[in-house]
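> Sequence first, predicted coordinates after that:
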Amino acid sequence: MDRLVYGTAADATVRLIAAVTTDTVEEAIRRHETGPTASAALGRMLTGAALLGASLKEFDRLTVRIESDGPVGGITVEANNAGDVRGYVRNPAAELPPTADGKFDVRGLVGQGMFYVMRESGFDIGLHHEPYVGSVPITSGEIAEDFAYYLAKSEQIPAAVLLGVLLKKTEPFVVASGGVMIQIMPGANDHIVTMIEDTVRRAPHLTEVIKEGATPEDLLKLVLGIIDFEVLAERPVAFRCTCSYDRAFAMISALGRDEVASMLAEDNGAMMTCGFCNETYRLDDGALETMLSEL
């Protein structure tokens, strides 16, 4: 089971989040049948959203979205404060040749555009608050750097973000996936910050150690070196969608009596596919007749 941990170091002046998301990313790319490079991009976004969500308070839904001119077209992911994530890429078949060093060309696949973060709260107690929306230009397209740039510019929190997805050609496609987010809070000691920067710079690829069985705690040890830290909380991470047959029924019903009657007469039913998880819901004649009787 995938897991995320949240902790602090240096008298709570350094905020730490780490996660292993191998099964979560595998489920996402299985559902969306994404190409290799699109799979790497979606996996990084899902992991980054889970990490960012764990560092926030008082939100019900976090949406991270890339709108870009690259072949992938855009990526949208959502996370909640229970560790559930879901997401999709606009063009799942988008693909580019590897870079000169043999790595996925996520930067080329994403291209230029904007990086958006939206936080919404109040749903669980029946309130509606205006969502917080932050945005920054895409500076890298590699996604980890874009999360860090967003935190620095929109939240004024210096951060280091490491995200990785290691794939193979046969199922299960995801060999390893995970990430680390280190946020530097006000009052942090400059020497501690320099030590962390140096350790992060020299750290091996996260996916290599996750492949060998590393836990989220191991990932934090890897990037902090000799600096002690305290784990304050942990949570499971999973690809989980909020769609359901009942929601599909309600959305089709909202189209109105004339539209539903047309579906019944011309199509002998209705079908709805969730963009976030690619699950398809089919409503037969009986379901539409029931719907009409309630409209």
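Yes, it's here.

> Strands along the stretch 151-295 of the chain, start to end?
Shown for the stretch 151-295 of the chain, the strands assigned by DSSP state E, counting those that start in this stretch span residues 159-167, 174-184, 229-236, 238-239, 270-273, 280-283.

> ok, and which of those has the densest surroundings?
Of all the strands of the stretch 151-295 of the chain, strand 174-184 carries the top mean neighbour count, a mean of 25, counting by mean count of other CB atoms under 10 Å. Where you see a C-beta, it was placed from the backbone N, CA and C, and this is true even at glycine.

> by contact count, what packs against that strand?
strand 14-20, helix 22-32, helix 36-54, helix 144-154, strand 159-167, helix 190-202, helix 206-211, helix 216-224 (3 or more CB pairs under 8 Å, 6 or more residues apart in numbering; DSSP states H and E).

> quick one: the fourth one to chain centroid distance?
For helix 144-154, the separation from the chain centroid amounts to 15 Å (computed by CA atoms, centre = their mean, to the nearest Å).

> Send over it as PDB, restricted to the C-alpha atoms.
Backbone C-alpha positions of helix 144-154 (Å, rounded to 0.1, in the frame of the first residue of the first chain) are rendered in PDB as follows:
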ATOM      1  CA  ALA A 144       9.000  18.900  -9.800                       C
ATOM      2  CA  GLU A 145      10.600  22.300 -10.500                       C
ATOM      3  CA  ASP A 146       7.300  23.800 -11.300                       C
ATOM      4  CA  PHE A 147       5.800  22.700  -8.000                       C
ATOM      5  CA  ALA A 148       8.900  24.300  -6.300                       C
ATOM      6  CA  TYR A 149       8.500  27.500  -8.300                       C
ATOM      7  CA  TYR A 150       4.800  27.800  -7.500                       C
ATOM      8  CA  LEU A 151       5.600  27.400  -3.700                       C
ATOM      9  CA  ALA A 152       8.300  30.100  -3.900                       C
ATOM     10  CA  LYS A 153       6.400  32.600  -6.000                       C
ATOM     11  CA  SER A 154       2.800  32.100  -5.000                       C
END
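
> surely M263 meets A270?
Yes: counting by CB atoms under 8 Å, M263 does reach A270; the two are 4.7 Å apart.

> Show me whatever sits in contact with both of the two.
In terms of CB atoms under 8 Å, 6 or more residues apart in numbering, M263 and A270 are both contacted by the residues 252, 288.

> Identify the residue spatially nearest to the residue nearest to the spatial centre of the chain, adjacent ones excluded.
In the chain, the residue lying closest to the centroid (CA atoms, centre = their mean) is L46, at 2.0 Å. Leaving out its chain neighbours, the residue that sits closest to L46 by CB to CB, 6 or more residues apart in numbering is V85, at 4.9 Å.

> Surely the one you found touches V237?
Yes: using CB under 8 Å, V85 is in contact with V237, at 6.8 Å.

> shared neighbours, those two?
Joint contacts of V85 and V237 (CB under 8 Å, 6+ apart) are 24, 50.

> which one of the helices and strands packed on strand 174-184 has the lowest average pLDDT?
Note on the helices and strands packed on strand 174-184: helix 190-202 shows the lowest mean pLDDT, a mean of 94.

> If you count contacts, what does that helix end up packed against?
Helix 190-202 packs on strand 159-167, strand 174-184, helix 216-224, going by 3+ CB pairs under 8 Å, 6+ apart.
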